[in-house]
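> Pasting the sequence and the predicted model now:
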Amino acid sequence: MGGGGTLDFLVKFAENLSDRESQDKFEKYLLPHAAVIYRAAFRLCKTNHGAEDLLQEAY
């Protein structure tokens, strides 16, 4: 993924979605923007863990 490993948790999240349609939508609409969204979350939280938690809550 484009995040260089930082966003691996999003790939795991996508794999655990309940159905293929949800996985496809997640990959189509979120993943292309995940790095930008993560950087914004990191600026707000100041930690990797906080940024990941914020992203998971948002999605």
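Yes, it's here.
> how many neighbours does F26 have?
Neighbours of F26 under the rule other C-beta atoms under 10 Å: 18. C-beta coordinates here come from the backbone N, C-alpha and C atoms, glycine included.
> pLDDT below threshold where in this structure?
Applying pLDDT under 70 to the chain flags residues 1-6.
> From the centroid of it, which residue is nearest?
L10 (3.9 Å; C-alpha atoms, centre = their mean).
> Just to check, that one is in contact with E27?
No: checked against C-beta atoms under 8 Å, the pair L10 and E27 is beyond contact range at 9.7 Å.
> check which helix or strand covers the residue nearest to the centre of the chain.
For L10, the host element (DSSP states H and E) is helix 8-15.
> ok, now E57?
helix 48-58.
> Name the residues of the helix holding L10 that are buried.
Buried residues in helix 8-15, counting neighbours by 16 or more other C-beta atoms under 10 Å, are found at L10, F13, A14.
> Could you export the residues you listed to JSON lines, including columns for distance to H33?
As requested, the buried residues of helix 8-15 are arranged in JSON lines below (distance: C-beta to C-beta, whole Å):
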{"residue": "L10", "distance to H33": "11"}
{"residue": "F13", "distance to H33": "15"}
{"residue": "A14", "distance to H33": "14"}
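> closest to R39 among those?
Taking C-beta to C-beta as the measure, R39 lies nearest L10 of those, at 13.4 Å.
> that older thread, and the angle for the helix holding E57 with helix 8-15?
30 degrees (axes from the mean of the first three to the mean of the last three C-alpha atoms, to 10 degrees).
> what's helix 48-58 in contact with?
Contacts with helix 48-58, where a contact means C-beta atoms under 8 Å, 6 or more residues apart in numbering, come from T6, F9, L10, F13, A34, I37, Y38, A41, F42, L44, C45.
> What about the last one, how many residues nearby?
Applying other C-beta under 10 Å, we find 15 other residues in the vicinity of C45.
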